[in-house]
Every structure is written in C-alpha cells, then in structure tokens.
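Asks: Give me the fold of what follows.
(one chain, ligands or ions: 4)
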Amino acid sequence: MAQMNFGGVTENVVTREEFPLEKAREVLKNETIAVIGYGVQGPGQSLNLRDNGFNVIVGQRQGKTFDKAVADGWVPGETLFSIEEACERATIIQVLLSDAAQIACWPTIKKHLTPGKALYFSHGFAITYKERTGIVPPADVDVIMVAPKGSGTSLRTMFLEGRGLNSSYAIFQDATGRAFERVIALGIGVGSGYLFETTFQREVYSDLTGERGTLMGAIQGLLLAQYETLREHGHTPSEAFNETVEELTQSLMPLFAAKGMDWMYANCSTTAQRGALDWMTPFHDATKPVFEKLYQSVASGEEAQRSIDSNSQPDYREKLNEELRQLRESEMWQTGAVVRKLRPENN
Ligand SMILES: NC(=O)c1ccc[n+]([C@@H]2O[C@H](COP(=O)([O-])OP(=O)(O)OC[C@H]3O[C@@H](n4cnc5c(N)ncnc54)[C@H](O)[C@@H]3O)[C@@H](O)[C@H]2O)c1
Ligand SMILES: CC(C)(O)[C@@H](O)C(=O)O
Ligand SMILES: [Mg+2]
Ligand SMILES: [Mg+2]
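Replies: Ligands and ions are numbered 1, 2, ... in the order given. Prediction:
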C-alpha cells in the first residue's frame, strides 16, 4: 500500500502496479464470487471479473434483468442462478441489489453467510444505517466494500477501453484475517484503476452528498438556473443551451478534467478569466449553506430513510420514470437533444 500526499494530506492508496491482476487471481483462486443483482453495478462488476479470469456467478430474480444477464452470456444453471442459489454456492457474496432491495433480500442472504465467507457491498449504506436497514452480519464473516466512484456503465466501458475507474475500499469486519487481500483483489478484479481507503460511514456520507450535490442534483439546479435566466432575458433556446451546457461538457470540462481549473481558465480569454475569478466567490457563498444542509440531512439518516421509503413502494419505478420523463421533455433538455444531433460526429 502506498502512502500518497494529496494536497498536503497523506492517504493510503493501492494501485495496479503494486497489486497486479495476477496477484488478485492468486488470492481469489479458490473462491466463488456471486454477484447478486444485475442492475447497473451488477453487469459492470461481474463482466469485468469474468473477463479478468475470476470464478464468478450471478444471482438475479426472474424478469427483464435476468434476460439481460442471459443475453450477456451468463448461463442459467451454470453461471446464472436465483439469488438464493447463488448465495449458497458463493464464498464471496457481492450484494449489488438496489439499497432498498438489500433490506428485502437480507434474510435470504444472511441464511447463507456461513463462517469464513465474505459479504461485499459497493456502498456503506446497508451497514452504516443498520438501525434503518436491519442489516447486521454475523461476526464470523468478512464484511468488505469496494465502491466504484462512478456509474457501473462507465466501469464497464472504461474497462473495455483499457482504462480504470477509481474506487474506494473499506473493511468493516475482518473475521478470517484475509479481509484486506480479499477486498483489494476484488477491487482490482472489478476493474478499479486505483483504490483509496475509507470506512463504510465515510463512503456513504460522501457518496450521498456527492450525488445529491455537484455530481447530479446541484449540477442540474445550477445549469437550469442559468438557462432560465438567459431565456427570461430573451436569449434563444440554442444560445442558452450552448452557453450553459454544451460548451461546458464539450469544451471546458475536458480541459479541467485533464489539467485542473487554472489550466482551463488559462485557456480562456483574459475577459473570461477576470469574470470567473470575481464570480466564483458569490456562487460559492450562495451554495455553501445548501451543501451544509445537505450534509446534515445525510448524517442524520434522513436521506437514507427517504430513499428506503420511496424505493420500497411497489410503483416507485413508474413514478421515477415519470420524473425522468419530465426532465427529458423540459425545454432545456429537448434543446440538448437537438444540439447533440448537430455534433458533426453524430451525423
Ligand atoms: N448505479 C451505480 O452505478 C452505482 C455506483 C456505485 C455504487 N452503487 C451501489 O451499488 C449497489 C447496486 O446499485 P445499482 O444501481 O446497480 O442497483 P439497481 O437499482 O440497478 O438494482 C440492482 C438489482 O436489484 C434487483 N432488485 C430490485 N428490487 C429487488 C427485490 N425486491 N428483490 C430482488 N431483487 C431486486 C433488480 O432486479 C436489479 O437487478 C447499491 O448499493 C448502490 O448504492 C451503484
Ligand atoms: C454513480 C454514483 C452517483 O456515483 C453512485 O453513487 C450511484 O449511487 O449511482
Ligand atoms: Mg451513490
Ligand atoms: Mg457514487
């Protein structure tokens, strides 16, 4: 494990150089890894593990996603089973059900957690909010986490491109003395580029804050506020969209992804630089209290409870699809659909 300096703070990081794939295969050579759930993370992690040469099976309930697993080459009765049968066959149970479904399936999973097995999550949710989820593992199994920091879809596409998404890892319980080598081997196996150390609680608090904040919730809120302002002052939809979203994702975000914010600023006009440096502070000050409120809502368990309550409803998928439809059909994103078609590479 390497100690690395992140802006003056030292953290533990594991890279593929120090823990190569061959070592991961050696560590897990006698294990049967069961990926339970085939939604977004399930396909990414199981297909990467399979392509990396691990002994992996999938446990999925019947329905559309079971059929998707078959289409992806998992064979019923050989590598694809019911959730119960996969848990029984596994030595490592990777719980990649939705966080709400983990509660419903916990009695089935728990039944097959015999001594020495490993229970793996990709989120700190189930364990951290145990008063709300009721998920309390027996003391004689390892409880570990690899949480890819991005969508399962990106985990798979980046793997196929020869790249790797970063993941955090944590050990909640080391019953066998092998929890560390197991968790790192799994992290490398699922296609992580590098792994940084965390705890279950820090992972879930930062993850819930990030997705509600800058990664998903705040970004839509901020983009819409600017788009609306431009439209209310008579700018056309294409102009408002291009100045709000298209330029950000196509031109400027790749620059600061590659070399940092100062590099992106340095590649814009002095007029833009002066304005950005002046206005970053008012935007920071206006949003900081909202981020603090969000963090408190995460830390109190309110966000977890809301997610459990809404995602446990029988009609949650229909309601969610309706909300996503409204987003898709909003003027800003309808404009986005037309703008995307105009990109020469899409013609
Ligand atoms: N989506 C991501 O890219 C992502 C990224 C990082 C971490 N995670 C974490 O990974 C885990 C899996 O998330 P996901 O987004 O892949 O899940 P998901 O919402 O896509 O659902 C996964 C599976 O749960 C199954 N399922 C739902 N309800 C069920 C029930 N009642 N009984 C049996 N099966 C049921 C579905 O069939 C599906 O195959 C979660 O802990 C999540 O927080 C997800
Ligand atoms: C992909 C995300 C947002 O990072 C993940 O945390 C999720 O919940 O889907
Ligand atoms: Mg998340
Ligand atoms: Mg996340």
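Asks: Pull up the distance across stretch 43-58, start to finish.
Replies: 9 Å (C-alpha to C-alpha, to the nearest Å).
Asks: And ligand 2, is that stretch touching that?
Replies: No - for a cut-off given as C-beta under 6 Å from any ligand atom, stretch 43-58 has no contacts with ligand 2; the smallest distance is 10.5 Å. For glycine as for every other residue, the C-beta is placed from the backbone atoms N, C-alpha and C.
Asks: Please state the offset of the longest helix along the chain from the chain centre?
Replies: As assigned by DSSP state H, the longest helix anywhere in the chain is helix 270-299. Distance, stretch centre to chain centre, for helix 270-299: 24 Å (C-alpha atoms, centre = their mean, to the nearest Å).
Asks: so the next helix-or-strand element following that helix versus helix 270-299, what angle?
Replies: Moving toward the C-terminus from helix 270-299, the next helix or strand (DSSP states H and E) is helix 302-311. Per axes from the mean of the first three to the mean of the last three C-alpha atoms, to 10 degrees, the angle that helix 302-311 makes with helix 270-299 is 80 degrees.
Asks: Quick one: list the elements packing against helix 302-311.
Replies: helix 99-111, helix 130-133, helix 200-212 (3 or more C-beta pairs under 8 Å, 6 or more residues apart in numbering; DSSP states H and E).
Asks: Could you say which of the ones you listed is packed most deeply?
Replies: Most buried of the helices and strands packed on helix 302-311 by mean neighbour count (mean count of other C-beta atoms under 10 Å) is helix 200-212; its value is a mean of 19.
Asks: So which residues on the stretch 151-300 of the chain come close to ligand 1?
Replies: Checking the stretch 151-300 of the chain against ligand 1 by C-beta under 6 Å from any ligand atom, the hits are Ser151, Gly152.
Asks: low pLDDT regions in this protein?
Replies: Across the chain, nothing is flagged by pLDDT under 70.
Asks: In the stretch 201-347 of the chain, what residue comes closest to ligand 1?
Replies: Asp207 (7.2 Å; C-beta to the nearest ligand atom).
Asks: quick one: that residue and Phe121 touch, right?
Replies: No - using C-beta atoms under 8 Å, Asp207 makes no contact with Phe121, being 11.5 Å away.
Asks: got any residues that touch both of those two?
Replies: Ala147 (C-beta atoms under 8 Å, 6 or more residues apart in numbering).
Asks: Which neighbouring elements make contact with the helix or strand harbouring Glu85?
Replies: Take DSSP H and E as the rule and Glu85 turns out to sit in helix 83-89. If you count contacts as 3+ C-beta pairs under 8 Å, 6+ apart, helix 83-89 packs onto strand 33-36, strand 56-59, helix 99-111.
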